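>>> Just to be clear, the model below is a prediction. Sequence and coordinates:
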Amino acid sequence: MNTLAELLTNEPKYRLKQIQKAWFDLSLNSYEEITTLPVELREKLKNLPWLSVKLHTILKSKIDGTEKALLELSDGELIETVLMVRESLKENKEASKWPVEERHTICISSQVGCAMNCFFCATGKAGFKRNLTTEEIVDQYRFWQRRLTGHISNIVVMGQGEPLLNYDNLKNALNIILNNTEIGPTKITVSTCGIPEQMEKLLADKDFPQVCWAISLHSAIEETRKKIMPAHRKDFVKFLVDWSRRYHELIPSRTHFIGLEYLMLAGVNDDEKHRKALEKLANKIPRVKINLIPYNDTNSPGLSKTSQTVIDDWHDYLMKAGFVCTIRHSQGQDIAAACGQLCNRTTTDAVKNV
Ligand code: SAH
């Protein structure tokens, strides 16, 4: 079957824009129904699937209601996407009440599998298959949009894959979502293990949306970082300081932070020496947020969780030192939906096909 791009070869450019807009219209369920398109074009497109991803299995956490969907792609590959629901108080001045608002954060994948091989992460262990297409990235959003009653408030690109190694498709997908939904760029966070040449590229790229970045640091000491992240590049820590300065010069907005993700591993990166190194690095980055991440078990040999007491100590210390510091509360652990656990597993004790 011809792809959408092939079928649009001789059409004016704006047809694609009309189609992308229609993708987000929940009242439409096929290309045939897009009445802004000429009848002949609708006829040509009518056999294309309306969504490029198909639900394979869905698991719902009994602990926190997090849902993990396994989606099947047209070539039979599977990817995962996660929905996290949080309740927050919404100010309602007129009613002088604080009704509860549900916030929906979706975690989306950028590749099938991952080539980065981080020791602590389950996704990398299954190897890398391929990049997702622009449509497959967008359609993870559309999949949840169609399942939800509320709207999607945040997107984190923290699922399977290294987003910066699928640069063009990620950029297109984010732009399509930003152009056709209410979501703003500061509600989107892309997490990367740090690919210097791609980070350079995005600073020079005016078309790359001004989203927030989370850098998977996990150690400010190069030797340690190299041990747990084989994709680590020499002098990355130095590069990060310089890159962050230029990023902030480019986007001087108060709402744009650089996130440093710090997975805490017992006896690996959680001693005094590592804490000092993190503090020293963070001091060199303006508008920085530190996110301490408890290790979610992925059966990686020799790795175990840092105790909660040590994580809390680090948190208090870094807060007192003046940093914005949070401890990640990983949702969906009973359905292997938490960070680093996305490896297309369906066999858990959670409720299937809810
Ligand atoms: N490749 C990207 C995005 C995917 S991982 C990146 O490296 O950032 C999303 C986040 O989960 C990263 O910060 C990653 O380091 C973290 N993570 C991976 N394995 C984990 C585990 N076992 N426990 C907790 N967090 C983990």
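Sure thing, it's come through.
>>> Strands of the stretch 201-350 of the chain, start to end?
When assigned using DSSP state E, counting those that start in this stretch, the strands of the stretch 201-350 of the chain occupy the ranges 212-216, 258-264, 288-294, 324-327.
>>> looking at those, which is buried most?
Among those, strand 258-264 has the highest mean neighbour count (mean count of other Cβ atoms under 10 Å), at a mean of 23. (Glycine included, C-beta is placed from N, CA and C.)
>>> now it against strand 288-294, angle please.
Between the axes of strand 258-264 and strand 288-294, defined by axes from the mean of the first three to the mean of the last three Cα atoms, to 10 degrees, the angle is 20 degrees.
>>> Can you report phi and psi for residue 189?
Residue 189 adopts backbone torsions of phi -120, psi 130, taken as degrees, to the nearest 10.
>>> circling back to that earlier point, of all the strands of the stretch 201-350 of the chain, which one is nearest residue 75?
Checking the strands of the stretch 201-350 of the chain against residue 75 by Cβ to Cβ gives strand 212-216 as the closest, at 28.4 Å.
>>> Return the angle between stretch directions for the closest one and strand 258-264.
For strand 212-216 against strand 258-264, the angle between stretch directions is 30 degrees (the same axes, to 10 degrees).
>>> now for strand 212-216, which elements pack on it?
With contacts defined as 3 or more Cβ pairs under 8 Å, 6 or more residues apart in numbering; DSSP states H and E, the secondary structure elements packing on strand 212-216 are strand 188-192, strand 258-264.
>>> Please convert the strands of the stretch 201-350 of the chain to a markdown table, extending it with distance to residue 226 and mean pLDDT.
Converted to a markdown table, the strands of the stretch 201-350 of the chain look like this (distance: least, Cβ to Cβ, whole Å; pLDDT from 0 to 100):
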| stretch | distance to residue 226 | mean pLDDT |
| --- | --- | --- |
| strand 212-216 | 14 | 97 |
| strand 258-264 | 15 | 97 |
| strand 288-294 | 19 | 96 |
| strand 324-327 | 25 | 96 |
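>>> Just the closest residue of the stretch 1-150 of the chain to the ligand, please.
In the stretch 1-150 of the chain, the residue that lies nearest the ligand is residue 121 (3.6 Å; Cβ to the nearest ligand atom).
>>> Next one, pLDDT for that residue please.
The pLDDT attached to residue 121 in the predicted structure is 92.
>>> and it, backbone torsions?
Backbone geometry at residue 121, expressed as degrees, to the nearest 10, gives phi -110, psi 130.
>>> Make a markdown table from the helices and strands packed on strand 212-216 and add distance to the ligand to it.
As requested, the helices and strands packed on strand 212-216 are arranged in a markdown table below (distance: least, Cβ to the nearest ligand atom, whole Å):
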| stretch | distance to the ligand |
| --- | --- |
| strand 188-192 | 4 |
| strand 258-264 | 4 |
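>>> could you redo those as CSV and give each row distance to residue 72?
Converted to CSV, the helices and strands packed on strand 212-216 look like this (distance: least, Cβ to Cβ, whole Å):
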stretch, distance to residue 72
strand 188-192, 24
strand 258-264, 29
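>>> which one of the ones you listed lies closest to residue 69?
In terms of Cβ to Cβ, the element of these nearest to residue 69 is strand 188-192, at 19.2 Å.
>>> I would like the residues contacting that closest one, please.
Residues from elsewhere that reach strand 188-192, judged by Cβ atoms under 8 Å, 6 or more residues apart in numbering: 154-158, 162-164, 170, 174, 177-178, 198-199, 209, 211-216, 259, 261.
>>> Could you measure from residue 243 over to residue 152?
Using Cβ to Cβ, to the nearest Å, one gets 29 Å for the distance from residue 243 to residue 152.
>>> and if you look at residue 180?
If you measure residue 180 against residue 152 using Cβ to Cβ, the figure is 12 Å.
>>> Need the overlap of contacts for these two.
With contacts defined as Cβ under 8 Å, 6+ apart, no residue is shared by residue 180 and residue 152.
>>> Return the residues of the stretch 151-300 of the chain in contact with the ligand.
Along the stretch 151-300 of the chain, the residues adjacent to the ligand under the rule Cβ under 6 Å from any ligand atom are 158, 162, 191-193, 216, 261, 263, 293, 295-296, 298.
>>> Find the nearest non-adjacent residue to the residue nearest the centre of the chain, please.
Central residue check for the chain by Cα atoms, centre = their mean: the C-alpha nearest the mean position is that of residue 157, 1.3 Å away. In space, not counting the residues next to it along the chain, residue 157 is nearest to residue 190; the distance is 4.3 Å by Cβ to Cβ, 6 or more residues apart in numbering.
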